[in-house]
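*Asks:* got a predicted structure here, sequence first:
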Amino acid sequence: MIHTSFSGRLVMLGFGSIGQGVLPLLLRHIAIPRENISIVTAEARGQEVAAEYGIGFTVEAVTRDNLRDVLIPRLRRGDFLLNLSVDVSSVELMKLCQELDVLYLDTVVEPWAGGYTDPALTPSQRSNYAMREEAIALREAAKGGPTSITAHGANPGLVSHFVKQALLDIARDTGTIIAPPPASDRAGWASIAQSLGVKVIHIAERDTQVADRPKKPGEFVNTWSVDGFVGEGCQPAELGWGTHEKALPPDGHRHGFGCDAAIYLMRPGASTRVRTWTPLEGPFHGFLITHNESISLADYYTVRDAAGNAVYRPTAHYAYHPCDDAVLSVHELAGKNWQMQPEKRLMTDEIVRGMDELGVLLMGHAKGAYWYGSRLTIEEARKLVPHNNATSLQVTVAVLAGVVWAIENPRRGVVESDEIDHDRALEICRPYLGEVVGVYSDWTPLQDRGALFPEDVDASDPWQFKNIRVG
């Protein structure tokens, strides 16, 4: 199915696993001449994939000094910059696209090289919260300008659409009468979450993909960007902070600026674990890796009184168990005081089995807990789209959906994933997500606690972060 057509030029900045995986989807679902697509990337990796599809390929790293020189000759009014790079400032790219009247999409708000781990910055300054605040500060000046979609991959991105569908499912199954509001009605969606009593939203993900050769010492192995995972894993653990929470964690801090929807912990996300649940895995411990959606979801679903005080907000955060080799890689990374291993390997053709179970877990409502999301196996992913594994396809199809939405809605200015029509996004994504399911559970983070050792828990409210965090 051709979802839309595009007569302008599309420049892909970066061509790692996501760039290589999204290219066949763009060509399959958007009517665009191949000669109108070009790739600019810092590494030669993926050149053979570009050649397979007849796409122009330039190896050139974009830096603070050459950003304008590299991109301005390649972009004119009405074109599209698809940013899938690392170490290039998303905010600076968005500013350039607003100046040139060019459409834009990225999957994460990325800083310049070293921004995730710059010791000259405070933990708050190098948080996703701070980066998101810098990005959404462009909204006012960008009103009515070309659409710039910030942070729209699988998560952040697709999961925001899962949350809306999950809310509608819970309302249906609890007999709560609601009228689904349009995407632009932020207050309407927040009111639905409040009326249902949702206290906590987890992005609950379990990756079980296995390769035909194990991780070796001194090697970081992952099913998606190694640099991206290590970068965000070394940032402070961050979470949207709900109004039902009774007390900040002992190492928890507010930022002191911006929307105040989130907090951070004085420790890396890759060394912080939380209790969560998915239908196939059941209970497990996931890493509390910082992600943009942890903040944007909490902010989007905030209800305020007439004085501007937050009277309702869910706690929201990522709870991620990557593939087993990536877990071993994280343990080794932490043991080296967060200094990257000398070798990196992105698992692709060597994957022999497994799936990525990616969804949202909404907790605290009348039916307890509800997980809604995608179960995509490696076998299905390979049949559906070349140059993808199960993890990358959940990202690349969401990138496709964002690009299509931007083309269809070209004058929306700066837009976050939560503000996009979830029905349209899921319509595009669903054929590529494997089994899409919603499952209720009576699981709580207090399940089987204290059986072997006494624990300090809050039995009066299972959904306190104190109960969810692993000590």
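*Replies:* Cool, got the structure.
*Asks:* distance of Val399 from Cys429?
*Replies:* Val399 sits 10 Å away from Cys429, taking Cβ to Cβ, to the nearest Å as the criterion. Quick note: C-beta positions are derived from backbone N, CA and C, even for glycine.
*Asks:* pLDDT below threshold where in the chain?
*Replies:* In the predicted model, the chain carries no residue with pLDDT under 70.
*Asks:* got the domain ranges for it?
*Replies:* Per automatic domain parsing, the domain ranges recorded for the chain read 4-150, 158-389+428-468.
*Asks:* endpoint to endpoint, the longest one covers what distance?
*Replies:* End-to-end distance of domain 158-389+428-468: 24 Å, with Cα to Cα, to the nearest Å as the criterion.
*Asks:* coming back round to it: a markdown table please, covering the domains of the chain and showing distance to Val403 and mean neighbour count.
*Replies:* Below are those laid out as a markdown table (distance: least, Cβ to Cβ, whole Å; neighbours: other Cβ atoms under 10 Å):
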| stretch | distance to Val403 | mean neighbour count |
| --- | --- | --- |
| domain 4-150 | 6 | 19 |
| domain 158-389+428-468 | 10 | 19 |
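*Asks:* out of these, flag the one nearest Val395.
*Replies:* When the domains of the chain are compared by Cβ to Cβ, domain 4-150 sits nearest Val395, at 5.5 Å.
*Asks:* could you check how far the nearest residue to Phe284 once chain neighbours are set aside is from Ser225?
*Replies:* With Cβ to Cβ, 6 or more residues apart in numbering as the criterion, Phe284 has its nearest non-adjacent residue at 5.5 Å, and that residue is His321. To Ser225, His321 is 17 Å away according to Cβ to Cβ.
*Asks:* list the buried residues for the helix ranked longest in the chain?
*Replies:* Counting by DSSP state H, the longest helix found in the chain is helix 390-408. Neighbour counts using 16 or more other Cβ atoms under 10 Å place 390-407 of helix 390-408 among the buried residues.
*Asks:* across the sheet, point out what pairs with Gly282.
*Replies:* Under DSSP bridges, the beta-bridge partners of Gly282 are Thr278.
*Asks:* test my guess that the residue nearest to Phe284 contacts Pro283.
*Replies:* No - with contact defined as Cβ atoms under 8 Å, His321 does not count as touching Pro283 (11.0 Å).
*Asks:* so Asp418, which of the three states?
*Replies:* helix (DSSP: H, G, I helix; E, B strand; the rest coil).
*Asks:* just use 281 as the starting number from now, easier for me
*Replies:* In the new numbering, first residue 281, that becomes Asp698.
*Asks:* number of nearby residues for it?
*Replies:* Neighbours of Asp698 under the rule other Cβ atoms under 10 Å: 23.
*Asks:* who touches it in this structure?
*Replies:* Asp698 makes contact with Ser440, Arg466, Trp469, Ser576, Leu577, Tyr580 under the criterion Cβ atoms under 8 Å, 6 or more residues apart in numbering.
*Asks:* just give me the closest of those residues to Gly714.
*Replies:* Nearest to Gly714, judged by Cβ to Cβ, of the contacts of Asp698 is Ser440 at 19.3 Å.
*Asks:* hmm, back to that, for the longest helix of the chain, what is the distance to the chain centroid?
*Replies:* Distance of helix 670-688 from the chain centroid (Cα atoms, centre = their mean, to the nearest Å) equals 12 Å.
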